[in-house]
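Novice: following is a predicted model, sequence given first.
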Amino acid sequence: MFLNKAFPYTTSFRNHVLISVILSFLVVFILIFLQPFGSSNFNHPHKDLYFIGYGIISLVVYTSLYSLSRWYYVNFKIWKWSEELIFSFLYVSIAIVIAFFYTELFINKKPEHIYLSFFMNWFRLMFLGFGIILSTLSIFLRRYYGKIKENEKEISSESEKAVLLKSSLKKESFLVVLGHIIYIKSEDNYINIYYHEGSEVKKKVMRNTLSSVSKQLEDMIRVHRSYIVNPNYIISLEGNAQNGSVYLQYIKDAVPVSKTYFDNVKSHIS
């Protein structure tokens with residue numbers, strides 16, 4: 001189903017600030033130059049400054065919701081079209097609600113307009129006029145910058161050489177693109193190699209030791225006596241040296257970080 005398909009979400013703060021600025025600029029541009037909803041009849045020496053206030057509302061609401069969406073993505077490791085549509089609806093709806101009070105209390109100075117039926121008519125007019133434009137552009141920009149981030153990672157991974165990992169039994173080997181390996185976990189005399197092909201995570205089990213295979217994977221970092229991870233896939237480091245863990249892209253469960261390696265992992269993220 002369409003709503004269950006993955007949406008290319010990016011956690012980049014810089015990209016989301018840029019998106020919020022673009023959306024806010026659009027709001028101000030429409031109000032100042034197109035003057036919809038009878039705003040051309042509003043005469044005030046500081047008219048343009050009042051209109052810039054709507055852009056600030058859009059900026060603040062978007063960046064606040066971005067922080068919430070990033071928390072959700074980091075904790076649940078998923079962002080589908082359903083989450084994206086909910087984000088878009090909340091962004092537009094909250095911005096319109098705040099804009100209503102801003103309009104009636106600070107611009108029109110008519111607190112007597114603060115009642116439900118008047119608000120509902122105002123909300124419907126703004127949502128159908130401004131809301132659809134803003135939500136559509138928001139989804140387009142977020143998808144665009146998300147795709148760029150995905151493509152950068154994919155290009156970076158594909159440009160790396162493939163590595164042939166050999167089993168300690170000398171009868172088995174595994175050819176994998178180095179940049180596609182997310183992390184490796186050791187269990188007894190075996191290692192579990194977690195890697196991705198596109199957005200699908202796969203696991204390869206081989207008889208070997210973590211120490212042996214890590215010699216072939218110099219870019220991987222040790223986070224625990226039983227784990228090495230690809231630092232390019234680290235989303236966040238949580239906890240402290242006594243109880244640390246890292247969250248990795250594509251992986252839902254946290255990977256433990258032991259006290260011995262906590263500071264080294266922290267320096268890689270920094």
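Specialist: In hand now; what should we look at?
Novice: tell me the buried residues in stretch 247-257?
Specialist: Within stretch 247-257, the residues that qualify as buried are 247, 248, 249, 251, 254, 255, 256, 257, counting by 16 or more other Cβ atoms under 10 Å. Backbone N, C-alpha and C define where each C-beta goes, glycine included.
Novice: tabulate those residues (TSV), appending secondary structure.
Specialist: Written out in TSV, the entries for the buried residues of stretch 247-257 read as follows (DSSP: H, G, I helix; E, B strand; the rest coil):
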residue	secondary structure
247	strand
248	strand
249	coil
251	coil
254	coil
255	strand
256	strand
257	strand
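Novice: the nearest residue to residue 114 once chain neighbours are set aside and residue 55, how far apart?
Specialist: For residue 114, ignoring the flanking residues on the chain, the nearest one in space by Cβ to Cβ, 6 or more residues apart in numbering is residue 104 at 6.1 Å. When Cβ to Cβ, to the nearest Å is the yardstick, residue 104 and residue 55 sit 18 Å from each other.
Novice: these two: who's more crowded?
Specialist: Set side by side, residue 104 and residue 55 show unequal neighbour counts under other Cβ atoms under 10 Å, the larger going to residue 55 at 21 against 18.
Novice: one step back: and the residue nearest to residue 114, what does it touch?
Specialist: For residue 104, the contacting residues are 110, 111, 113, 114, taking Cβ atoms under 8 Å, 6 or more residues apart in numbering as the criterion.
Novice: wait, is it part of a helix?
Specialist: Yes. Residue 104 forms part of a helix when assessed by three-state DSSP.
Novice: remind me which helix or strand residue 196 belongs to.
Specialist: Secondary structure assigned from DSSP states H and E places residue 196 in strand 190-197.
Novice: give me the sheet partners of that strand and which way each runs.
Specialist: strand 181-187 (antiparallel), strand 200-207 (antiparallel) (DSSP bridges).
Novice: same list, these, but as CSV with mean pLDDT please.
Specialist: As requested, these are arranged in CSV below (pLDDT from 0 to 100):
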stretch, mean pLDDT
strand 181-187, 94
strand 200-207, 91
